[in-house]
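In: below are the sequence and a predicted model for it; my questions follow.
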Amino acid sequence: MSETAESNRPHAVVIGAGPGIGASVARRLASEGFDLTLVSRDTARLGELAVSLRASGGGDGGSDGPTVDVQAGDASDPAALREALEAVRDRATPPSILVYNAAMLEPTSLLTVSEAKLAEGYAVDVIGAIVAAQVFLPAMQEAAQGTVIFTSGGAGIHPSPGIATVSMGKAALRSAATMLAAEVSEGGVHVVSVAVSGAVEPGTLFDPDLIADLYWRLHTQPQAEWTSEEPFDGVAA
């Protein structure tokens, strides 16, 4: 059983916990006292992030720090992802925060992209987020609290023919967040997509730490201020 199952600290699940937004969100939540479960198909990178969090004093598993659990999970395989997330659900306390940050960021054109690549992109960008919501939202609804954040992008609002797959995927992800929010927000669960409309790079207006700050504000904002979509245009709110 995971240590998070016996902790009194709040629990957060970050899916797509790679470098950039995922790692910054994990660091921010660790600093706020959350136990973490990090999910990615890159287990080596997951391990490195967990070690980094523990070494920085956030996630060492000691009495004064949160624990950091890792779980291999491939968003391009919805059935395997569901199995991985159900394993997290069964061994850990229900999350107060769920972040879905997986995306397939590859150049594609509708004139040449294969059916297989289209299906893979939709699985990563959309189906994985819905699977995660199906696994973790019931406990959030029962607790009448929680935040679900989907990392979207400007391409979902302004589609580009050079990144066709992710443009369509992020547009569908926005719709998914809007529909889920309509179903669960009155019960106390906040579902929101964040449209990051620029290249994420440390030291810029799209620094992933600034985006992590926004995610934390979304989790802590009053229910009267909730929306199903939040833009991030390169300036911290």
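Out: All right, it came through fine.
In: list the buried residues for the helix or strand T165 falls within?
Out: Here T165, judged by DSSP states H and E, is contained in helix 164-184. If you call a residue buried by 16 or more other CB atoms under 10 Å, then helix 164-184 has these buried ones: 164-174, 176-177, 180-181, 184. For glycine as for every other residue, the C-beta is placed from the backbone atoms N, C-alpha and C.
In: pLDDT on the helix or strand following it, on average?
Out: Beyond helix 164-184 on the C-terminal side, the first helix or strand identified by DSSP H and E is strand 189-196. Strand 189-196 carries an average pLDDT of 98.
In: the inter-axis angle of the helix or strand following strand 189-196 versus strand 189-196?
Out: For strand 189-196, the following helix or strand on the C-terminal side (DSSP H and E) is helix 208-220. Helix 208-220 runs at 160 degrees relative to strand 189-196, counting by axes from the mean of the first three to the mean of the last three CA atoms, to 10 degrees.
In: tell me what helix 208-220 is packed against?
Out: helix 21-31, strand 146-153, strand 189-196, strand 229-232 (3 or more CB pairs under 8 Å, 6 or more residues apart in numbering; DSSP states H and E).
In: and the longest one, how far out from the chain middle?
Out: So the one you mean is helix 21-31. Its chain's average C-alpha position is 11 Å from that of helix 21-31, according to CA atoms, centre = their mean, to the nearest Å.
In: quick check: next helix or strand after that helix?
Out: Next along from helix 21-31, by DSSP H and E: strand 35-40.
In: let's see that next one as PDB, backbone CA atoms only.
Out: As requested, the backbone C-alpha atoms of strand 35-40 are provided in PDB (Å, rounded to 0.1, in the frame of the first residue of the first chain):
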ATOM      1  CA  ASP A  35       1.300  14.100  -1.100                       C
ATOM      2  CA  LEU A  36       1.900  13.400  -4.800                       C
ATOM      3  CA  THR A  37       1.300  10.600  -7.300                       C
ATOM      4  CA  LEU A  38       3.200  11.300 -10.500                       C
ATOM      5  CA  VAL A  39       2.100   9.400 -13.600                       C
ATOM      6  CA  SER A  40       4.000   9.200 -16.900                       C
END
